[in-house]
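Novice: I'd like to go over a predicted model; first the sequence, then the structure.
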Amino acid sequence: MLERKTGIPLAPEELDIQKITSDIYTIQCSVVGQDAHTQYTSWVITEDGVVIIDPGSYRVCTMLREELDRAGQSVKYLIYTHAHGDHIGGAAAFLDQELKVIAHENTLERLRRYELTAGYIRRINSVQFHFNIPVGTPQRRFPPVYPTETYHHEYRFELGGKTFELFHAKGETDDCTVVWVPQLRAVFLGDLLEASFPNLGNPFKVMRYAREWAMALEKAVALDPEFAIGGDCVLTDNKEINEVLSVNIELFNYLEDSVIRATNDGHNLEQMIEEIQLPPHLADNPYLKQVYSRLEFAIYNIWRRYCGYFDFSPSGLLPRPGREVAGVVRQLIGNDPAILHKAEELMNQGQLQLALETLDIILKVDYENMAARRLRHEILRKMVETDECLMSHNVWVHYLEEDESFLGQ
């Protein structure tokens, strides 16, 4: 595996180009300056020009453009492995060149949806990545570059003696493109290849695709590549490529099968979250560390794909707002100190999630209750200290900081 560098910002002061072969190069940078999720902008040099795969960061691509200009190398193609901003955000740096921008046809609808929900996207990304994204950024400064050509299932072109074979896949998104360059024995997988537990579920965003993700990796394995370049991982050894992709394939199939089996057996979502566990050889696998996404999110996601929201309790069909239910429970207890005491007791026992939900009996009704917010702050601080998964960790941080602001700390 190519050394995975840390602490590299999304907008670095200088390029740190990594040479994979004499024809393949990458630049690594963190999505938002955090070490748990790193993104690569990659390119292939041919005799007749350059093909860039995932022009991720505008700052990086502006400097890369200058570097290629000095070398007398022109960019002929941009390829999007998928339309997440950290993979296409730098495309505008090349717009004055005569080039083609290639992506799967689903990219068009994805980009339109991002424009339609820009305010929501900005808000959830600010929480998920713990990164202040000002209103209107980056869409207003660097609007997304739409593809000039799209394809349905497969796409192929040749440039400077090299063949680029593109095929559609689904995984983290429904518009994934896998790029295979047979002369180089190199496959470019975007976020289908990650250095940790795959982003198979996200509490803020739309569905991911376990079964199709496994199928895409099976096809990549069958190509027998010597190099595999992913969204945050570069593998340069055929044996390791097979090992990493195979363990991910097994994970996807295991989770999909487990959720569907439990669904058919009459288990509800709460039971699945409690009961479905990874077998030890997957749970302890170094390539599947839950440092970005996590098992619970994956189970939620697969359930959401196949099932509705009904939890098989009649009260769950047309539920009343949580604040009303909490208000009834709070009135029945009639003793806020008792609720606070129980939440603190649960916190001291290490049952942090249950402590949070107990506090909601007060906070869903009275969000400005000082005693409850003070205790929630303490619970969240413990969660921040113990949660190593970036996505959930940053949610705790967001509300920890909200409590600190409210409490004047």
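Specialist: Cool, got the structure.

Novice: Can you tell me the closest non-neighbouring residue to Asn394?
Specialist: Counting by Cβ to Cβ, 6 or more residues apart in numbering, His130 is the residue found nearest to Asn394 once chain neighbours are left out, at 4.2 Å. C-betas here are computed from N, CA, C, even on glycine.

Novice: Tally up the residues packed near the one you found, please.
Specialist: By other Cβ atoms under 10 Å, 18 other residues sit near His130.

Novice: and it, backbone torsions?
Specialist: Dihedral pair for His130: phi 50, psi 60, per degrees, to the nearest 10.

Novice: For the stretch 301-409 of the chain, just list every one of the strands.
Specialist: With DSSP state E, counting those that start in this stretch as the definition, the stretch 301-409 of the chain shows no strands.

Novice: residue contacts, Gln18?
Specialist: Counting by Cβ atoms under 8 Å, 6 or more residues apart in numbering, Gln18 touches Leu2, Tyr25, Thr26, Ile27, Gln28, Val234.

Novice: Wait, His152 touches Thr107, no?
Specialist: No - taking contacts as Cβ atoms under 8 Å, His152 lies outside contact range of Thr107: 11.9 Å.

Novice: Check this structure and tell me which residue is nearest its centre.
Specialist: The structure's the chain has its C-alpha centroid closest to Asn199; by Cα atoms, centre = their mean the separation is 4.9 Å.

Novice: and the gap between the nearest residue to that one once chain neighbours are set aside and Val187?
Specialist: Nearest non-adjacent residue to Asn199, counting by Cβ to Cβ, 6+ apart: Ser293, 4.5 Å away. The gap separating Ser293 from Val187 is 22 Å, by Cβ to Cβ, to the nearest Å.

Novice: Quick one: neighbours of Glu154, just the number.
Specialist: 10.

Novice: Oh, that last question was meant for Glu388, not what I typed.
Specialist: 12.

Novice: circling back to that earlier point, the residue nearest to the centre of the chain: what secondary structure?
Specialist: coil (DSSP: H, G, I helix; E, B strand; the rest coil).

Novice: Might one say that it is in contact with Gln290?
Specialist: No - using Cβ under 8 Å, Asn199 makes no contact with Gln290, being 10.8 Å away.

Novice: dump the residue contacts of Ala103.
Specialist: So Ala103 contacts Ile79, Tyr80, Ala83, Pro147, Thr150, Asp175, Thr177 (Cβ under 8 Å, 6+ apart).

Novice: Could you rerun that using 6 Å?
Specialist: Tyr80, Pro147, Thr150 (Cβ atoms under 6 Å, 6 or more residues apart in numbering).

Novice: So what's the residue count around the second one?
Specialist: It refers to Pro147. Quick note: Pro147 (other Cβ under 10 Å) scores 22 neighbours.

Novice: got it, and the last one?
Specialist: In terms of burial, Thr150 registers 18 neighbours under the definition other Cβ under 10 Å.

Novice: CSV for the contacts of Gln18, including pLDDT and neighbour count?
Specialist: Shown next, in CSV, are the contacts of Gln18 (pLDDT from 0 to 100; neighbours: other Cβ atoms under 10 Å):
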residue, pLDDT, neighbour count
Leu2, 70, 15
Tyr25, 97, 20
Thr26, 94, 20
Ile27, 91, 23
Gln28, 85, 23
Val234, 94, 23
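
Novice: which among the residues you listed gets closest to Gly160?
Specialist: Of all these, Gly160 sits closest to Tyr25, with 15.2 Å by Cβ to Cβ.

Novice: so how far is Ala92 from the closest one?
Specialist: For Tyr25, the distance to Ala92 - Cβ to Cβ - is 21 Å.

Novice: neighbour count winner among His152 and Thr107?
Specialist: Ranked by neighbour count (other Cβ under 10 Å), His152 and Thr107 place Thr107 first, with 24 against 9.

Novice: buried set for whichever strand or helix holds that one?
Specialist: Here Thr107, judged by DSSP states H and E, is contained in helix 106-116. Neighbour counts over helix 106-116 (16 or more other Cβ atoms under 10 Å) mark Asn106, Thr107, Arg110, Leu111, Tyr114 as buried.

Novice: Which residue ranges of the stretch 1-150 of the chain form helices?
Specialist: For the stretch 1-150 of the chain, the helices defined by DSSP state H, counting those that start in this stretch cover 58-70, 85-88, 106-116, 118-128.

Novice: now the stretch 301-409 of the chain
Specialist: 322-333, 336-348, 352-363, 370-386, 390-407.

Novice: Any chance of JSON lines for the ones you listed, columns distance to Ala195, mean pLDDT and mean neighbour count?
Specialist: Shown next, in JSON lines, are the helices of the stretch 301-409 of the chain (distance: least, Cβ to Cβ, whole Å; pLDDT from 0 to 100; neighbours: other Cβ atoms under 10 Å):
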{"stretch": "helix 322-333", "distance to Ala195": "37", "mean pLDDT": "97", "mean neighbour count": "14"}
{"stretch": "helix 336-348", "distance to Ala195": "33", "mean pLDDT": "98", "mean neighbour count": "16"}
{"stretch": "helix 352-363", "distance to Ala195": "27", "mean pLDDT": "98", "mean neighbour count": "19"}
{"stretch": "helix 370-386", "distance to Ala195": "22", "mean pLDDT": "98", "mean neighbour count": "17"}
{"stretch": "helix 390-407", "distance to Ala195": "12", "mean pLDDT": "96", "mean neighbour count": "17"}
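
Novice: and His87, which of the ones you listed is closest to it?
Specialist: helix 390-407 (17.8 Å).

Novice: Domains in this structure, by residue range?
Specialist: According to automatic domain parsing, the chain is divided into the following domains: 17-253, 320-407.
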